[in-house]
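>>> Generate a structure from the sequence data that follows.
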Amino acid sequence: MNKIPINIKYSIFGISVLIFLVLNSVLGLNIINGSINLIQKITGYHFAISTNTLDYLIFASIPVFGMLFNSKRNQFKISALIMDVLTILFWTIIMIVFGLYIMTIVGKPSNPLIPEYLIIEPINLYSSLIMVIGILIPFLFVKQTFKQTEKDDIGTQN
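Numbering: from 1, shown residues only. This is a model prediction of the structure:
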């Protein structure tokens with residue numbers, strides 16, 4: 001993390017705080033409701049997803065995790081930082097879509113009085129857990145690549 005200039009670090013923290021404040025206001029709830037309505041038109045399912053401040057905090061921290069992801073590089077480049085943030089955002093969105101798919105399997109109500117198109121979260125803080133998994137996936141790939149490179153280096157020395 002020492003390779004990243006201090007003004008870039010402050011800018012990233014400021015962007016994260018700004019994203020959190022925007023999402024935690026009424027705008028975040030409007031975005032979620034609009035997305036749920038759009039997904040219902042496309043899929044025919046209404047996803048009853050609870051949102052809380054933790055969800056907004058996790059989503060707003062994506063630039064900070066992008067900075068941590070970028071600190072594993074040998075050199076600092078702003079383009080690499082942007083690509084790292086976009087990589088984490090991409091994996092988070094992929095995991096949210098995958099989490100919605102899982103909800104269609106395990107979130108269907110067992111009560112016959114509840115309509116089948118209404119899908120509920122299987123556990124409390126399900127959306128937060130899915131977003132954290134999406135953020136952590138790129139770190140797992142980098143760590144695995146690093147371990148593989150160490151094994152290759154050891155094998156060539158013998």
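
>>> For S35, give its distance to I42.
11 Å (C-beta to C-beta, to the nearest Å). (C-beta placed from N, C-alpha, C; glycine too.)

>>> Those two: which is more packed in?
S35 (13 against 8; other C-beta atoms under 10 Å).

>>> before we move on, which element is the more buried one in?
Counting by DSSP states H and E, the element that carries S35 is helix 26-43.

>>> Kindly report the same for I4.
Going by DSSP H and E, I4 is not part of any helix or strand.

>>> Phi first, then psi, for it.
phi -80, psi 130 (degrees, to the nearest 10).

>>> Spit out the contact partners of it.
Contacts for I4 (C-beta atoms under 8 Å, 6 or more residues apart in numbering) come out as M67, N70, S71, F76, L81.

>>> Can you tell me the closest non-neighbouring residue to the residue positioned nearest the centre of the chain?
Geometric centre of the chain, nearest residue: T92, 2.9 Å, by C-alpha atoms, centre = their mean. Using C-beta to C-beta, 6 or more residues apart in numbering and skipping residues adjacent in sequence, the residue nearest T92 is G134, 3.5 Å away.

>>> Let me see the ranges of the strands in this structure.
46-48, 118-120 (DSSP state E).

>>> which regions of this structure sit below the pLDDT cut-off?
1-2, 143-158 (pLDDT under 70).

>>> one more time with 80, if that's ok
Within the chain, the stretches with pLDDT under 80 are 1-3, 26, 72, 142-158.

>>> between the strands of the chain, which gets nearest to F141?
Comparison of those against F141 by C-beta to C-beta identifies strand 46-48 as nearest, at 28.3 Å.
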